[in-house]
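1. Sharing a model prediction with you, sequence too.
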Amino acid sequence: MARIAIGGYSHETNCFVPMRTDYEHYAQGGEFPPLARREEVIERSKGATFGMSGFLDTIDPSHELVPLIWGQGGAGGYITDDCFERIVGEFVGMLSQAMPVDAVYLDLHGAMCSLTYEDAEGEVLRRVRACVGPDIPVVVSLDYHANVSEATVALTDGMAIYLTYPHIDRQGTGSRAARILMRVLEEGIPSGRAIRRIPFLLPLNFQCTLIEPTKGIVDASVAGEGGEILDLCYAAGFPPSDLDECGPSVVCHAYSQEAADEAADQLAAMVIAREDQFAAPLMEPDDAVADAFAHTLRRLSAAGATVVDITLAELAEIPALSAHGGVLGAEAYALHRARIAASGELMDPRVRVRIERGQNLSAADYIDICRARADSRARTDAATAPCGMKPSGQAGSASSSPQPTGVTH
């Protein structure tokens, strides 16, 4: 049985926005759970979809977990020095009081910048390492958009990075980190570490892991693990974090330096060879929608669908149905009005103004719009019936025989 200290401090920092992320942002929570201490770490993360959640699900229950501090800050501007020092200072203080420990797991992001420390995770790890010493394994989980620094690699003994963007494997990444840490506890700290920086930046909209060129890179990183290779990670980087070590990287921890260098070199060469595939034309919004629509029609036709062109006069009724926010505005205001009254200043003003439009809709107007919308939907169903489209509300119903499909615009 090992005694494992666990915690985390996460933020995706955009250095080009004027706002600052302060301590209250973590303390109050909102989009994410409030800053958690000790047993709250497990209470607020277990069964959820965070890296910490997956770690807790996977780590051998025979090990003793020592929860310290765990804070999820989402994305925003620079972390203030007050925020950074209060959270990290308390974390390291709690870690020192918890000593001795046999290992440390940290649920981090990889693109955090404070006003003083552009490589904030590197500074967190430096302080943790100063507390536990060189012989205690430290394993981290990071976001796919991590800007992994030389310090982060040097100060860790294992690493797991998201494999997906859009992110659907945060929990799975924590599980991988748990398995990495358990292997380190059994076999010892790996002697090899390697990081390869990719000499170009990748715009966020060209980083999707569902398609090439990134899909093949991620698949290769997974296939490259095993044997002497403890972990082989690819991070696409987060360009809005304005630091010297910003950008994509390949990281490897292995049980020999030769194996780490070879694996990192091979994966980095694969990324670099695909540089031109990451480039794509930037379109104006209308052109991009038209291009995507035409592409969709071609794929539907190729798949054997019947594509027809019909005119829906009912589309012209949408502005009237959306007056004062429409049905959605009224229902959204009913759902969120208490939150707006309590902490409306924390909401995105563009979202808040759309929700607040619903407060001006009377009960009579709401009923009238519901009726008008139902009538418009019935006429739309009738107009599209010749195309074989299912009536509104029945899109998921089962059918005993294949149905023709229609496209309307």
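-> Now that the structure is in, tell me what you want to look at.
2. Tell me where the stretch 201-350 of the chain has helices.
-> For the stretch 201-350 of the chain, the helices defined by DSSP state H, counting those that start in this stretch occupy 214-223, 257-273, 285-302, 318-321, 326-343, 349-356.
3. from these, which stretch is densest packed?
-> Highest mean neighbour count of the helices of the stretch 201-350 of the chain: helix 257-273, a mean of 18 (counted as mean count of other CB atoms under 10 Å). For glycine as for every other residue, the C-beta is placed from the backbone atoms N, C-alpha and C.
4. Just list what it packs against, helices and strands only.
-> strand 192-197, helix 214-223, strand 229-235, strand 249-254 (3 or more CB pairs under 8 Å, 6 or more residues apart in numbering; DSSP states H and E).
5. Quick check: buried residues in the last one?
-> Applying a neighbour-count criterion of 16 or more other CB atoms under 10 Å, the buried positions in strand 249-254 are 249-254.
6. quick one, that strand and helix 257-273 angle?
-> 160 degrees (axes from the mean of the first three to the mean of the last three CA atoms, to 10 degrees).
7. and what of the third one?
-> For strand 229-235 against helix 257-273, the angle between stretch directions is 20 degrees (the same axes, to 10 degrees).
8. Mind listing residues that contact strand 229-235?
-> Strand 229-235 has contacts (CB atoms under 8 Å, 6 or more residues apart in numbering) with 110, 142-148, 158-161, 176, 180, 183-184, 190, 217-218, 221-222, 224-225, 248-255, 259-260, 263-264, 267, 271.
9. ok so, going back, export the helices and strands packed on helix 257-273 as JSON lines, with columns for distance to Phe84.
-> What follows is the helices and strands packed on helix 257-273, written out as JSON lines (distance: least, CB to CB, whole Å):
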{"stretch": "strand 192-197", "distance to Phe84": "24"}
{"stretch": "helix 214-223", "distance to Phe84": "31"}
{"stretch": "strand 229-235", "distance to Phe84": "22"}
{"stretch": "strand 249-254", "distance to Phe84": "23"}
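10. can I get those in a markdown table with mean pLDDT and distance to Arg357?
-> Formatted as a markdown table, the helices and strands packed on helix 257-273 follow (pLDDT from 0 to 100; distance: least, CB to CB, whole Å):
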| stretch | mean pLDDT | distance to Arg357 |
| --- | --- | --- |
| strand 192-197 | 98 | 48 |
| helix 214-223 | 98 | 39 |
| strand 229-235 | 98 | 41 |
| strand 249-254 | 98 | 45 |
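11. quick one: which of the ones you listed is nearest Ala338?
-> Between Ala338 and these, the shortest gap by CB to CB is with strand 229-235, which sits at 39.8 Å.
12. mind listing what's buried in that closest one?
-> 229-235.
13. Lovely, talk soon.
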